[in-house]
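Participant: Give me the fold of what follows.
(one chain, ligands or ions: 2)
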Amino acid sequence: MGTLVKVRVPGTTANCGPGFDSIGMACTIYNELELTLSGRERLSIEVCGEGAGMIPCDEHNIALQAIQAVLTRVGTKERGIVLRMENTIPLARGLGSSAAAIVAGLVAANVATGNQLSREEIFNMATQIEGHPDNVAPALYGGITLSVVEGKNAHCLNFTPPAELKLVVAIPAFGLSTQVARQVLPDAVSLEDAVFNISRAALLIGALTQGKLDFLQYALPDRIHQPYREKLIPGMAAVFQSAIQAGALGAAISGAGPCLVAFTRQNCDTIGEAMVAAFEKHEVVSRYIVMDIDLRGAVVI
Ligand SMILES: Nc1ncnc2c1ncn2[C@@H]1O[C@H](COP(=O)(O)OP(=O)(O)OP(=O)(O)O)[C@@H](O)[C@H]1O
Ligand SMILES: N[C@@H](CCO)C(=O)O
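Facilitator: Ligands and ions are numbered 1, 2, ... in the order given. Here you go, the predicted structure:
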């Protein structure tokens, strides 16, 4: 016996073009995590669905590390952990699988130990474990999130997106770890590129908050991460172009990639099929999914 808690956490698409390491959106694709916490010394981890057989089931598991971080923080003596994960978020594709695992572990452990930590404390811990806030923020809070890191603290605003906004995501068959996708980035960018991104990130938030989605065509381009990551994602520019030709408002790398996300009001299947066909011309096997923006973030179920 012990305390059993089950949580559901959404996948996320981060950066959204120019908002590198800051802007994120929660998506209607979910992982579930069930934690049983007891006084009996025990560790058992079971992973079903996406990542089964690949995700470590020992002390290297990041959901377990998140749980242990909470247990240490609140000083509980209960160290018996039985963990079961049911995943639908594809692994290492740019849809926030690691952020979902971290947030799920933190939220479940906090509930199992009597809700001693606030959402802000959980957000800070999640940001420290993940290394940047843009996936963990929407995974925790839902909606569209804007995050900054100030010293040891992260701060986040979230808002509800325009109801008609849909996400069409082309998911390549190959994985790309965030660590590798960050290694290709430059240490510094020019003032011109910084201004390019700042102005577009600002316009993007204006367009999303005012529901002026036609502005996304001007707001989504990026110069500080996507051009450098293009070599890791064969066909990237062609997939963006084909999505726009099929009716999308614009497109971006989802997170660190290799998923590419198109933003649209309509024609989702036409756009998805065009993206998959464009990838195929570059010998990349892919599939597509259509998602809305999740408004709830992490929930106890
Ligand atoms: N449910 C899970 N439980 C434990 N570890 C997981 C889980 N899901 C993902 N991970 C770990 O996270 C790694 C993938 O993280 P990575 O940051 O590279 O990609 P991502 O989070 O899917 O994409 P992005 O951060 O670009 O959105 C996996 O290789 C695995 O080690
Ligand atoms: N902002 C992060 C998101 C992926 O975790 C990146 O692009 O590296």
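
Participant: nearest residue to Phe215 other than its sequence neighbours?
Facilitator: Counting by CB to CB, 6 or more residues apart in numbering, Phe215 lies nearest to Ala207, which is 3.8 Å off, once chain neighbours are set aside. No exception for glycine: its C-beta is placed from N, CA and C like everyone else's.

Participant: residues of whichever strand or helix holds Ala69 that come out buried?
Facilitator: Taking DSSP states H and E as the definition, one finds Ala69 inside helix 62-74. The neighbour-count check on helix 62-74 (16 or more other CB atoms under 10 Å) flags Ile62, Ala63, Leu64, Ala66, Ile67, Gln68, Ala69, Val70, Leu71, Arg73 as buried.

Participant: Return the list of strands paired to the helix or strand following that helix, each annotated with direction.
Facilitator: Helices and strands here follow DSSP H and E; after helix 62-74, the next one along the chain is strand 80-87. The pairing partners recorded for strand 80-87 under DSSP bridges are strand 23-38 (antiparallel), strand 43-49 (parallel).

Participant: tell me the most buried of the ones you listed?
Facilitator: Neighbour counts (mean count of other CB atoms under 10 Å) averaged over each of the strands paired with strand 80-87 peak at strand 23-38, with a mean of 24.

Participant: follow-up on the earlier one: how about TSV for the strands paired with strand 80-87, with mean pLDDT added?
Facilitator: Putting the strands paired with strand 80-87 into TSV (pLDDT from 0 to 100) gives the following:
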stretch	mean pLDDT
strand 23-38	97
strand 43-49	97
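
Participant: Using JSON lines, please lay out the ones you listed together with distance to ligand 2.
Facilitator: Below are the strands paired with strand 80-87 laid out as JSON lines (distance: least, CB to the nearest ligand atom, whole Å):
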{"stretch": "strand 23-38", "distance to ligand 2": "8"}
{"stretch": "strand 43-49", "distance to ligand 2": "20"}
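
Participant: mind listing what the residue of the stretch 151-300 of the chain found nearest ligand 1 touches?
Facilitator: Residue of the stretch 151-300 of the chain nearest ligand 1, by CB to the nearest ligand atom: Gly255 (2.9 Å). Counting by CB atoms under 8 Å, 6 or more residues apart in numbering, Gly255 makes contact with Thr12, Thr13, Ala14, Asn15, Gly94, Leu95, Gly96, Asn135, Thr178.

Participant: The same query, at a cut-off of 6 Å, please.
Facilitator: Ala14, Gly94 (CB atoms under 6 Å, 6 or more residues apart in numbering).

Participant: What parts of the stretch 51-200 of the chain come near ligand 2?
Facilitator: Counting by CB under 6 Å from any ligand atom, the residues of the stretch 51-200 of the chain close to ligand 2 are His132, Asp134, Asn135, Thr178, Ala181, Arg182.

Participant: relative to strand 80-87, how tilted is the helix holding Ala69?
Facilitator: 140 degrees (axes from the mean of the first three to the mean of the last three CA atoms, to 10 degrees).

Participant: Tell me the residues of the stretch 151-300 of the chain that contact ligand 1?
Facilitator: Ser177, Thr178, Gly255, Ala256.

Participant: Give me the three-state assignment for the nearest residue to the last one once chain neighbours are set aside.
Facilitator: The reference is to Ala256. Excluding its sequence neighbours, the residue lying closest to Ala256 (CB to CB, 6+ apart) is Ala181, at 3.7 Å. Judged by DSSP: H, G, I helix; E, B strand; the rest coil, the three-state class of Ala181 is helix.

Participant: Distance check, Ala181 against Glu59.
Facilitator: To Glu59, Ala181 is 25 Å away according to CB to CB, to the nearest Å.

Participant: now swap in Leu232 and tell me
Facilitator: Distance from Leu232 to Glu59, by CB to CB: 30 Å.

Participant: out of these two, which sits in the busier spot?
Facilitator: The neighbour comparison of Leu232 against Glu59 (other CB atoms under 10 Å) goes to Leu232, with 17 against 10.

Participant: show me the contacts for that one.
Facilitator: So Leu232 contacts Leu176 (CB under 6 Å, 6+ apart).

Participant: 10 Å instead, please
Facilitator: Counting by CB atoms under 10 Å, 6 or more residues apart in numbering, Leu232 makes contact with Phe174, Leu176, Val180, Ala181, Gln183, Val184, Ile253, Ala256, Gly257, Pro258.

Participant: and what of Tyr288?
Facilitator: 168-171, 243, 259-260, 262, 268-269, 271-276, 279 are the contacts of Tyr288 under CB under 10 Å, 6+ apart.
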